[in-house]
Structures are given as C-alpha cells and as structure tokens.
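Q: The following comprises the amino acid sequence and a computationally predicted model.
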Amino acid sequence: MTTTTSTWIDDSDRKALPRIAVVGVHSHGASHVRRVLELQRTSRAVLAAVVDPHEPGPEHEAHAAGTPWFPTLGDLISAPGAPVDVVVLSTPIPTHLPLARAAMEAGMDVLLEKPTTASLAEHTELVAVAERTGRRCQVGFQTFGSQALPAAADLVARGEIGEVTGIGAVGAWVRTASYWARAPWAGRRRLDGRDVVDGVVTNPLAHAVATALRLGGATRAEDVAWVDTDLYRANPIESDDTSSVRVAGADGRRYGFGLTLCAAERTPARVLMLGTAGELVLEYEHDRLLLRTDRVSIDKTYGRTPLLEDLLAARTAPAERPLLCDVRDTGAFMRVLEAVRTGPDPRPVGDEHVTWAGDAGDRHPVVTDVARWCEDVARTQRTFTELGAPWTV
C-alpha cells in the first residue's frame, strides 16, 4: 500500500476530474470507497486518497486500486502536492465537526455521514464554517435524494389526502449484540467526556426522523417549536433502543416517532402522512410511496439521486444551486437529537416485557408487542407513556 511519501496519481486524463478522499474506510466507510471507485471506472471522479488510522490491507479495495493512504486527515491536508476536491467523512460521531471544519477550511467540499454532529451547538458551528468558507457540506441522509419526496409533496399539495392531521414514522428493526459491540462508542451517550448520542432515534433510524420532518416542511432548527422524548432500553447499553418522540413544528404540525431496535422481526421503516381524506406511506428504504384514499390506491417506486453525485454536480453549478441535503437543512433533525442528548437517560424495559432470542453475537431482545406500540405513536403523535405501553409503568 502506498503511504504519505508516495507519488500521487497524476494521469493526464484524470486531471480535470474531481479528486475525492474517503476518511474512515472500514465498516460503512468501505461502501463509500466502492462507490468512488465506481465513479473512477466510469471517468467521473478519482479516488485520490483514503484516510484511516488503520492502513487498508491487501483485501481492501483501496489497496487493490493503489490508492494513497494517510493515517489522519491532517496528514492528507499537509502533504505536499496533495490536491483533493471533496472529502467523504465516515467516522465516529464526535469527530464530525472537527474533521468537516478542517476539510472546509482547507478548501474541500464535504459529504458527511449522519447524524450531522453530536449536539445542536456543534451543528450551529458547522453551518457557520460552511458559510464562512463558502464550501459545500452535504449530510448523508440518503432519503433526501429520493424522487419519492417531491412526489409526496405534490400529492399533498393537490389535496389527495385532504388536510394533513399528523405526520409519523415507524421503525421496527432488529439489532444484535454484535451491533452494539461494533465500536467503543456504539450504544453510548457519552464517551471520554464527549457526547456520542448513539441510539435508535439519532443513528440507525435517524432517517425516519429526518425524512418525516422534511416531508412536513421542517428542515431548519427554527422550524421546530418543541420536542418531547420518551426513551427506553432493553439492551445493556447507555443509549435508547426503543423510544417514542413527539415533535411540534413552528407551523403547528405534530409529528410522532415510534422507533425500536428490539422488534420480533425487521419490517420496512415507514413515514406516514395522515390526512382527513386518506394517507401517504413512504417506505423510504425502498423509495416506495403508497397513497390510500377512499377514491384511489397508488403503489409506486421511485428513483434516487446519490448524494455524492449530487454534491459533485453542485460543484459545477452556480453557487445558489441547492444541495439535496445541505447541512443547514438538518437543523430540525438536530433539534430532536439535542432533546435526546439533554434529556433523561433511557429507562430500562422490565424483564417481564422482554424475550431474548439468538445466541452469542446474534443474541437480541424482543420487547413484547413493540411494533404495535410504535405504530400507535406514529398515528396518534403520542408517546409510549401517554398511550400506556406496559413497560412505561
């Protein structure tokens, strides 16, 4: 593997292509490496460098491609003759602000994995850095690139579901012991004195929260009036794995999020737009939109624009051209994360409400009837406690 002393790739045919570095190349970051290499094979970009404390081994695609490796972003930035246009950050949550700030101050645009930052104050600072440097910062809520979102907005604007009475999201997923063992910060609220906030609301099912808010027109922090959290855990972790959240928008709209990683089986995560004449259901993992009214039923799957490609396209467009998921447009989600961060620690679900399944790394808890309670939260915009879920007593 090449290192910081190696010669940079400098094919004359590639000089005009955007040069991308991926920071954090193991686990989920490996998918970013693969995507950039796909762009390289089709002459749309160059994987100029990878950054990770652990050098990619022979089995890693970055190694096979002969990509220069740097142990830290600082090493990359300070390397002589190291031109990089875009940095993809797939790193632990507490590193998002310092790494994104360093990249933008060095003249690079950024694709930043979600959640945006570990606190609302850090989000405010990151927005200020983007505005001060004039660099673009796209956040990795992939659902924001789905063509199902504008289609849903159009159906609502045409009155297909009547007056919107509420918006909700249901996430009933399964996460095993190996998931919580994947990293030192997994399932933690804080680590070494720093906020982590790695729970169901803020990380694995963060897309459900952010997408529902966006469909309701809430993107900036000021679009949220207040947030109620009702957080629980069935796993032996610090953070929440089974939670309900109620949000009031500044425009009066109500949102209810029923989310768990302790379901009996994984089902598609869904955003619900409820109206006086019907409802819209978005299965956002599959860009599938279902319209159900007394008059009509529609089931359609849409395409999706990858956020990295959107960022690359924006770099060649006028400055006012918006990103699909600009850092500024994650402020409403960050208001929810902030409520989780500053709220009471999650309460344990009583043993009488939990059944354990699987063995060793596949072991996972199943909270009794949790999927039904999550559905009720989304449809009523009331919390588990308000609904009388048995584990809240």
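A: Looks like it arrived, so ask away.
Q: Could you use CA atoms for every contact and neighbour count after this?
A: Fine.
Q: N235 is in contact with R363, isn't it?
A: No - applying C-alpha atoms under 8 Å, one finds N235 not in contact with R363, separated by 10.1 Å.
Q: who's V245 bridged to?
A: Beta-bridge partners recorded for V245 (DSSP bridges): T229, F257.
Q: where in the stretch 1-150 of the chain is pLDDT low?
A: 1-15, 82 (pLDDT under 70).
Q: Enumerate the beta-bridge partners assigned to T293.
A: In beta-bridge terms (that is, DSSP bridges), T293 pairs with G278.
Q: Return the distance of it relative to G275.
A: 9 Å (C-alpha to C-alpha, to the nearest Å).
Q: more neighbours, the two?
A: A direct count of neighbours by other C-alpha atoms under 10 Å for T293 and G275 places G275 higher, at 19 against 16.
Q: Quick check: pLDDT value at the nearest residue to the more buried one once chain neighbours are set aside.
A: Distance criterion C-alpha to C-alpha, 6 or more residues apart in numbering; nearest residue to G275, sequence neighbours excluded, is V164 at 4.2 Å. Here the pLDDT value assigned to V164 is 97.
Q: V164 contacts L272, correct?
A: No - between V164 and L272 there is no contact under C-alpha under 8 Å: 10.5 Å.
Q: More neighbours: which of the two?
A: Each of V164 and L272 has its neighbours counted (other C-alpha under 10 Å); L272 has more, 24 against 18.
Q: ok, what's across the strand from the more buried one?
A: In this entry, L272 is beta-bridged to G168, V281, by DSSP bridges.
Q: Could you check how far it is from T176?
A: Distance, L272 to T176, by C-alpha to C-alpha: 27 Å.
Q: next one: A339
A: Noted for A339: a distance of 26 Å to T176, by C-alpha to C-alpha.
Q: And the helices in this protein?
A: Listed from the start of the chain, the chain has helices (DSSP state H) covering 29-41, 61-64, 73-78, 96-105, 120-133, 148-157, 177-180, 206-215, 307-315, 331-342, 370-380, 384-387.
Q: Pull out the buried positions in the fifth one.
A: Spelled out, it's helix 120-133. Under the neighbour-count criterion of 16 or more other C-alpha atoms under 10 Å, helix 120-133 has 120, 122-124, 126-127, 129-130 buried.
Q: now, which of these sits nearest A332?
A: Set against A332, the nearest of the buried residues of helix 120-133 by C-alpha to C-alpha is L120 (9.6 Å).
Q: quick one: contacts for that closest one?
A: For L120, the contact set (C-alpha atoms under 8 Å, 6 or more residues apart in numbering) comprises 331, 334-335, 337-338.
Q: start to end distance for stretch 21-35?
A: Taking C-alpha to C-alpha, stretch 21-35 runs 12 Å from one end to the other.
Q: Tell me the bridge partners for V354.
A: Judged by DSSP bridges, the bridge partners of V354 are V367.
Q: So for it, what's the pLDDT?
A: You'll see V354 listed with a pLDDT of 98.
Q: what about it, distance to R363?
A: Here the distance between V354 and R363 works out to 13 Å (C-alpha to C-alpha).
Q: Just want to know which of these two has more residues nearby.
A: The residue with more neighbours, out of V354 and R363, is V354; 19 against 13, by other C-alpha under 10 Å.
Q: Export the helices of the chain to a markdown table and append columns for distance to Q142.
A: Compiled in a markdown table, the helices of the chain are given as follows (distance: least, C-alpha to C-alpha, whole Å):
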| stretch | distance to Q142 |
| --- | --- |
| helix 29-41 | 13 |
| helix 61-64 | 23 |
| helix 73-78 | 24 |
| helix 96-105 | 17 |
| helix 120-133 | 19 |
| helix 148-157 | 12 |
| helix 177-180 | 21 |
| helix 206-215 | 8 |
| helix 307-315 | 6 |
| helix 331-342 | 14 |
| helix 370-380 | 22 |
| helix 384-387 | 28 |
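Q: Of all those, which one is nearest K300?
A: Among these, the nearest to K300 by C-alpha to C-alpha is helix 148-157 (8.7 Å).
Q: Need the nearest residue in space to the most centrally placed residue in the chain, chain neighbours excluded.
A: Nearest to the mean C-alpha position of the chain, by C-alpha atoms, centre = their mean, lies K114 at 3.7 Å. In this structure, K114 finds its nearest non-sequential neighbour in G140, 5.3 Å apart by C-alpha to C-alpha, 6+ apart.
Q: Let me see the contact set for the one you found.
A: So G140 contacts 111-115, 307, 325 (C-alpha under 8 Å, 6+ apart).
Q: and if we set it to 6 Å?
A: Residues in contact with G140, defined by C-alpha atoms under 6 Å, 6 or more residues apart in numbering, are 112-114.
Q: what about it, distance to A389?
A: Distance from G140 to A389, by C-alpha to C-alpha: 33 Å.
Q: what about the nearest residue to L259 once chain neighbours are set aside, how many residues close to it?
A: Distances taken as C-alpha to C-alpha, 6+ apart place G171 nearest to L259, at 4.6 Å, with adjacent residues excluded. Using other C-alpha under 10 Å, G171 is surrounded by 31 other residues.
Q: for Y302, same thing?
A: 13.
Q: My understanding was that it contacts H286; is that so?
A: No - if you go by C-alpha atoms under 6 Å, Y302 and H286 don't touch, sitting 8.2 Å apart.
Q: how about the closest residue to V174 other than its chain neighbours, phi and psi?
A: Once flanking residues are discounted, V174 sits nearest to L261: 4.7 Å by C-alpha to C-alpha, 6+ apart. The phi/psi pair for L261 (degrees, to the nearest 10) reads phi -110, psi 20.
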